[in-house]
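J.: Have a look at this prediction, sequence included:
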Amino acid sequence: MTEKKIKNIFIAGPVTADFIGKSIQNHSSKKDIGGHSIFLGQIRADKIDGKEVAAIEYTCYEEMANEKMHEIREAIFAKYNLTCMHVYHSLGKVATGEISLFVFTSSKHRKAAINACEELVENIKSSLPIWGKELFTNETYQWKENK
Amino acid sequence: MTEKKIKNIFIAGPVTADFIGKSIQNHSSKKDIGGHSIFLGQIRADKIDGKEVAAIEYTCYEEMANEKMHEIREAIFAKYNLTCMHVYHSLGKVATGEISLFVFTSSKHRKAAINACEELVENIKSSLPIWGKELFTNETYQWKENK
Amino acid sequence: MKVHIMLFGQLADITGVDKITVENTLDTDSMVKSLQNTYPSLTQSTFVIAVDKKIISANTLLTDQCTVALLPPFSGG
Amino acid sequence: MKVHIMLFGQLADITGVDKITVENTLDTDSMVKSLQNTYPSLTQSTFVIAVDKKIISANTLLTDQCTVALLPPFSGG
């Protein structure tokens, strides 16, 4: 095997605060890290035409998304001097107030982690084949579109 | 009282992963938040002239630091459309691999949280009267300087 | 020759199908036209096309057992 | 008149004091000169001065019971 293994970024349901806390804890043994940057996407209870979002249900083209994420990951590692990079995205239903995206970068000096994290979030939103269906409290729904 | 209360950003010892996880959890009831940005400063085991950093011991001019942080906070809230902003900095000894700075911003749309968090980190590093003493494994020390 | 077609998000929603296998389709343009004949709602949909998981930007010849995916605008995150 | 002086970080370290109260000091320039006479190591130190928690950039007249802080380069975070 010469190629790096393609990771699966998807988890069923919300990313829990406990999971995020544990991920942070796991980095305490990496003593060359000086800064971590984290982005969390949380589901808003948006009001659209008088209806309120209760949850977003995510589906994806999983194989393509993981391959594309692998490309993005390699490009970011080539561009920034990172120690670690972790990305998790929810599949299935995630209720308002819950977290559906967790991007976590670490580096020796803060700038690389901060810039890489921001670029990753933009790439994930624009390039990964993932779709969110906004489920309203009145049982109707609409398909979300990223701006 | 017309002035906002000046918060105390300082905590004794490291910021724990558990504390960070709980802070994230506390935001699940705020259903207008769409994105959180977090920066964590972690103590590196730097090697300097053959000596290795074991911990950093932080002291500060507490009253001035909290007043200055209050000014920074007001300026950031005026500039960015944020839902929340939290800053915690350690005092006393923080060992390598442990976290000494926790900056946490939240907003409806991701850009405000991401940009505010980055600006806060820079302001904290450059403007708060805090000093770190790098304690080496061989019991000697040197005073740290931010770049 | 067989081509596997996958539809995602609102495209699966409006057509009622998420996987189809078609035979004897030459390229992506003719495949899309044929799909739009079967599912007229697709004519009003916005999507990009991926052939074997790579997004294409022009008409592309299809090969036996390839997978063509119709991808509506992404909304992850 | 009394002026309270605070020294932080390496300044407290090299002088061995972190708080001093001095009498009859007119302004920050003369205060620093007098301190450097007592603690010669301060002449080689880099610091900024805060009067009542505000950093000053020029010589500043001192008032009774004011607090002057000598702040070496910050290294928080």
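T.: On my side now, so go ahead.
J.: tally of neighbours for the closest residue to chain B within chain C?
T.: Per Cβ to the nearest Cβ, C:Gly77 is where chain C lies closest to chain B, at 8.1 Å. (C-beta placed from N, C-alpha, C; glycine too.) Counted with other Cβ atoms under 10 Å in any protein chain shown, the neighbours of C:Gly77 add up to 24.
J.: and it, that one's in a helix?
T.: No - with DSSP: H, G, I helix; E, B strand; the rest coil as the criterion, C:Gly77 is assigned coil and is not in a helix.
J.: residues contacting it?
T.: Counting by Cβ atoms under 8 Å, 6 or more residues apart in numbering or on different chains, C:Gly77 makes contact with A:41, A:89, A:100-101, A:121, A:124-125, A:130, A:146.
J.: If any of those are buried, put those into a PyMOL selection.
T.: Remark: buried members of the contacts of C:Gly77, expressed as a PyMOL selection using 16 or more other Cβ atoms under 10 Å in any protein chain shown:
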select buried, chain A and resi 41+89+100+101+121+124+125+130
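J.: Going by residue numbers, what spans are strands in chain C?
T.: C:2-7, C:19-23, C:48-51, C:54-56, C:66-71 (DSSP state E).
J.: what angle separates the second one from strand C:2-7?
T.: Yep, that's strand C:19-23 we're talking about. Counting by axes from the mean of the first three to the mean of the last three Cα atoms, to 10 degrees, strand C:19-23 points 150 degrees away from the direction of strand C:2-7.
J.: and the residue in chain A positioned nearest to chain D, what does it touch?
T.: With Cβ to the nearest Cβ, the shortest gap between chain A and chain D falls at A:Arg110, namely 8.1 Å. Shown in contact with A:Arg110 (Cβ under 8 Å, 6+ apart): A:34-35, A:37, B:39, B:41, B:121.
J.: For A:Glu3, give me the pLDDT.
T.: Looking at A:Glu3, its pLDDT reads 57.
J.: meant to ask about C:Asn24, not that
T.: 87.
J.: Please apply the same query to C:Gly76.
T.: 96.
J.: which residue packs closest to it, ignoring adjacent ones?
T.: A:Ile130 (2.9 Å; Cβ to Cβ, 6 or more residues apart in numbering or on different chains).
J.: Now the one you found: phi and psi?
T.: Dihedral pair for A:Ile130: phi -130, psi 140, per degrees, to the nearest 10.
J.: on that earlier part again, dump the contacts of C:Gly77 to JSON lines, plus pLDDT.
T.: Formatted as JSON lines, the contacts of C:Gly77 follow (pLDDT from 0 to 100):
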{"residue": "A:Gly41", "pLDDT": "98"}
{"residue": "A:His89", "pLDDT": "98"}
{"residue": "A:Ser100", "pLDDT": "98"}
{"residue": "A:Leu101", "pLDDT": "98"}
{"residue": "A:Val121", "pLDDT": "98"}
{"residue": "A:Ile124", "pLDDT": "98"}
{"residue": "A:Lys125", "pLDDT": "97"}
{"residue": "A:Ile130", "pLDDT": "98"}
{"residue": "A:Asn146", "pLDDT": "79"}
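J.: thinking again about what came up before, deepest-packed of the strands of chain C, please.
T.: strand C:66-71 (a mean of 20; mean count of other Cβ atoms under 10 Å in any protein chain shown).
J.: Report the angle between that strand and strand C:2-7.
T.: 20 degrees.
J.: Any idea how far the helix ranked longest in chain C is from the middle of the chain?
T.: For chain C, the longest helix by residue count, based on DSSP state H, is helix C:28-38. Offset of helix C:28-38 from its chain centre (Cα atoms, centre = their mean, to the nearest Å): 8 Å.
J.: quick one: contacts of that helix?
T.: Contacts for helix C:28-38 (Cβ under 8 Å, 6+ apart): C:3, C:5, C:20, C:22, C:25, C:42-43, C:49, C:51, C:56, C:59-60, C:62, C:68, C:70.
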